[in-house]
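Enquirer: coordinates only, sequence not included:
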């Protein structure tokens, strides 16, 4: 039997976390370690020579008596029972009793290992810390779909509780491994130790991180001075590890699912790697720590996959929304445009839409609409309707006629659709805006105050059918703005509609007269009502500039000499506008347009009513075959274009003759098509307007050469 009072054994038992007590065969204490003094309150001097019963460790009738009896019978015993300490405090003590054997094979006493069963041991504390870390990691990784924030939170969980340094590296979309974040224990001051966030990381093949990513599992290494270079992979990294005193490290790869690998065309099995280092604490990692890190790594990999898939879906949906809405409108003569779109708090896409359409003769089509609902379904339907509406608008239809066709289109798409829309045509030369509404909030008119642009007529949403839409006309002055918006701008769960409109009028009225541009007004309108909106919102602002765009109107008699009058008027006008170089080309095109108008006027005097050719229009009294109708024509000059318009009273739209056609008409339009930038015709209530757009002075010489070649 060894002597527990010898210096070395005594030092060992005093350093143990558990108390150690030894007795002789009479149950008198012979060894009483320092932790025993702490646990039971008796000093070594008090305890030595006393029996276990005297010290309260084995009182009569307790399990302590059974413990000593079993130990003296040569059998070990484990158990827990209450013990009264010297101070009278009751402590539940876990005892492990082992018989002490003499050299002759008899039981010479009892050795007891004791600890407070309600006080966690160091091992228990480490286990509890691991469980807490795993739980916190699950909460952090499962509670966010923000990739960067999630992984940075992960670094905060590891440091300082589990690591002195945590380094996270992820592969980017180009396949480069980049430093995402670094977390260090408090007091660490070595800014040159690690790469900066965003820099490319190139681990050598021998580095523990490279080997962990290749193996697809976490690896642990204790770092000694001799093995530093092997773990680091290069001497440069090894010198950094020596400088900060790395003692132990774990490399944790972040696994990637096959689904994400297929979507990214990147067949790596990992998304990156997390490096955990212990330096200043001097504590070495254990196998249990590696198991914990492996479990956290699996959760982190799943969280990364979920975050990536969510972000991929969001990007797809946002790309869809961006593709369905027009880009920033280009500059246009006489107006400035401002737009704003805000998705709802519940969905990244929705059915609200706006559009700005370039029409003939400098006119602009303005669209605002709302498809009921939110999400991808509403966005897809919105895309279909916006495309249809733009196609109709490019045919230069009147606003009420366009909404009538859109009404049919919505009914074709489905009976349960609820779509509101406003379509307006603004003429920057006359400052006149013609507006047709299908169940949509009326635009706001901002001048010195803010108010609705007109009284809302009893129009119904698109898709109802059996309703004739009405039209309102407003004339703007320089500086006036019309603000078109969807109901998501003003609708709030806790605010009545009338109160919201009143607040909008008050907010914008305070801004009126300050010379704010259309984009500032659009921003102010979409932010006028605070709080989260349950629906997406769109705003379109058109502001009338103070530019005076020159234009002339002239009427011609329906006789052959009218062609010469038209040419002279065109040359005189372009001379006054200092556009001498464009006069010849403009005269040529005016001659063709007026000649066609005269031909149609003559044919109409011989024809019956043309109502069957264009059922939704009826010729006015000017179009009747009385031989007295004059032919209106007009010239318009913009900043980059010159427009020529000729009105006739034939509802039939012009058609250009094909190269193999034997038709007697339509060949002049071949010349118009070759010389003009654009040309077309828009129907009116009493006929049509044929228009031509030219680019002043640009390519005039080339166009003259083309005329000569055609002749």
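Expert: Received, thanks. Fair warning: this is a prediction, and the values are worked out from it, not measured in the lab.

Enquirer: all strands of the stretch 201-350 of the chain, in order?
Expert: Using DSSP state E, counting those that start in this stretch, the strands found in the stretch 201-350 of the chain span residues 219-222, 248-255, 270-278, 335-342, 350-358.

Enquirer: so which of those comes closest to residue 503?
Expert: For the strands of the stretch 201-350 of the chain, the distance to residue 503 is smallest for strand 335-342, at 17.2 Å, taking C-beta to C-beta. From N, CA and C alone the C-beta is placed, and that goes for glycine too.

Enquirer: by contact count, what packs against that closest one?
Expert: On a contact count with 3 or more C-beta pairs under 8 Å, 6 or more residues apart in numbering; DSSP states H and E, strand 335-342 meets strand 350-358, helix 518-526, strand 537-544.

Enquirer: outside of it, which residues touch it?
Expert: Strand 335-342 is contacted by residues 321, 325-326, 328-329, 352, 354, 356, 364, 426, 428, 488, 517-523, 525-526, 533, 536-545 when judged by C-beta atoms under 8 Å, 6 or more residues apart in numbering.

Enquirer: how about the nearest residue to residue 504, chain neighbours excluded?
Expert: Nearest residue to residue 504 in three dimensions, chain neighbours excluded: residue 528, at 4.8 Å (C-beta to C-beta, 6 or more residues apart in numbering).

Enquirer: In three-state terms, label that neighbour for me.
Expert: coil (DSSP: H, G, I helix; E, B strand; the rest coil).

Enquirer: just use 71 as the starting number from now, easier for me
Expert: Understood, numbering begins at 71; the last thing we discussed is residue 598.

Enquirer: is it true that it touches residue 580?
Expert: No: checked against C-beta atoms under 8 Å, the pair residue 598 and residue 580 is beyond contact range at 10.5 Å.

Enquirer: what about those two, which has more around it?
Expert: Neighbours per residue (other C-beta atoms under 10 Å) separate residue 598 from residue 580, with residue 598 holding more: 20 against 12.

Enquirer: Tell me who's in contact with that one.
Expert: 559-560, 573-574, 577-578.

Enquirer: Now intersect the residues you listed with the helices, please.
Expert: Within the contacts of residue 598, residues falling in helices by DSSP state H are 573-574, 577-578.

Enquirer: For those, which single residue is the most surrounded?
Expert: Highest neighbour count within the ones in helices among the contacts of residue 598: residue 578, with 22 neighbours (other C-beta under 10 Å).

Enquirer: show me what contacts the nearest residue to it once chain neighbours are set aside?
Expert: Nearest non-adjacent residue to residue 578, counting by C-beta to C-beta, 6+ apart: residue 520, 3.8 Å away. Residues near residue 520 by C-beta under 8 Å, 6+ apart: 514, 574-579, 582.

Enquirer: sorry, back to before: selection in PyMOL covering whichever of the contacts of strand 405-412 are buried, please.
Expert: Selection of buried members from the contacts of strand 405-412 for PyMOL, criterion 16 or more other C-beta atoms under 10 Å:
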select buried, resi 391+395+396+399+422+424+426+434+496+498+558+588+589+591+592+593+595+596+603+606+607+608+609+610+611+612+613+614+615
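
Enquirer: pLDDT score for the residue nearest the centre of the chain?
Expert: Centroid check for the chain by C-alpha atoms, centre = their mean gives residue 384 as the closest residue, at 5.8 Å. The score at residue 384 is 75. That number is its pLDDT.

Enquirer: Look up how far residue 467 lies from the nearest residue to residue 652 once chain neighbours are set aside.
Expert: Sequence neighbours aside, residue 766 is the residue nearest to residue 652 in space, at 5.1 Å (criterion: C-beta to C-beta, 6+ apart). According to C-beta to C-beta, to the nearest Å, residue 766 and residue 467 sit 28 Å apart.

Enquirer: do residue 478 as well
Expert: Separation of residue 478 from residue 467 (C-beta to C-beta): 13 Å.

Enquirer: neighbour count winner among these two?
Expert: Each of residue 478 and residue 467 has its neighbours counted (other C-beta under 10 Å); residue 467 has more, 20 against 12.

Enquirer: Could you tell me the end-to-end distance of stretch 291-301?
Expert: 8 Å (C-alpha to C-alpha, to the nearest Å).

Enquirer: And the contacts of that stretch?
Expert: 276-278, 305, 308, 311-312, 316-319, 354-355.

Enquirer: Neighbour-wise, give me the winner out of the residues you listed.
Expert: Tallying neighbours with other C-beta under 10 Å puts residue 319 at the head of those, with 24 neighbours.

Enquirer: all helices in the stretch 171-320 of the chain, in order from the N-terminus.
Expert: 192-212, 217-228, 278-285, 298-302, 305-314 (DSSP state H, counting those that start in this stretch).

Enquirer: can you pull the buried residues of the fourth one?
Expert: Residues of helix 298-302 classed as buried: 298-299, 301-302 (neighbour count, 16+ other C-beta under 10 Å).

Enquirer: Tabulate those in JSON lines, adding columns for distance to residue 155.
Expert: Formatted as JSON lines, the entries for the buried residues of helix 298-302 read as follows, by distance: C-beta to C-beta, whole Å:
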{"residue": "298", "distance to residue 155": "50"}
{"residue": "299", "distance to residue 155": "55"}
{"residue": "301", "distance to residue 155": "49"}
{"residue": "302", "distance to residue 155": "52"}
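
Enquirer: Between the strands of the stretch 271-420 of the chain, which one is closest to residue 174.
Expert: In terms of C-beta to C-beta, the element of the strands of the stretch 271-420 of the chain nearest to residue 174 is strand 289-292, at 46.1 Å.

Enquirer: Most distant residue from the centre of this structure?
Expert: Going by C-alpha atoms, centre = their mean, the residue of the chain most distant from its centre is residue 174, 83.1 Å out.

Enquirer: how does this protein divide into domains?
Expert: The chain breaks down by automatic domain parsing into domains covering 77-189, 194-385, 398-614, 621-780.

Enquirer: least reliable of those domains going by mean pLDDT?
Expert: domain 621-780 has the lowest average pLDDT among the domains of the chain, namely a mean of 74.

Enquirer: Bridged to the closest residue to residue 345 other than its chain neighbours, which residues?
Expert: Of all residues not flanking residue 345 in the chain, residue 237 sits nearest, at 4.2 Å (C-beta to C-beta, 6+ apart). Beta-bridge pairing for residue 237 (DSSP bridges): residue 252, residue 345.

Enquirer: right, and residue 237 touches residue 321 too?
Expert: No: checked against C-beta under 8 Å, the pair residue 237 and residue 321 is beyond contact range at 9.7 Å.

Enquirer: what do those two both touch?
Expert: With C-beta under 8 Å, 6+ apart, residue 237 and residue 321 have common neighbours 344-345.

Enquirer: on that earlier part again, now that we have the helices and strands packed on strand 405-412, can you turn them into TSV and tack on distance to residue 364?
Expert: Formatted as TSV, the helices and strands packed on strand 405-412 follow (distance: least, C-beta to C-beta, whole Å):
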stretch	distance to residue 364
strand 420-428	43
helix 588-596	49
strand 607-614	48
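
Enquirer: Ok, which of those comes nearest residue 120?
Expert: strand 420-428 (83.7 Å).

Enquirer: Give me the helices and strands touching that closest one, please.
Expert: Under the contact definition 3+ C-beta pairs under 8 Å, 6+ apart, strand 420-428 sits against strand 405-412, strand 434-444, helix 446-463, strand 607-614.

Enquirer: relative orientation of the first one and strand 434-444 in degrees?
Expert: Between the axes of strand 405-412 and strand 434-444, defined by axes from the mean of the first three to the mean of the last three C-alpha atoms, to 10 degrees, the angle is 10 degrees.
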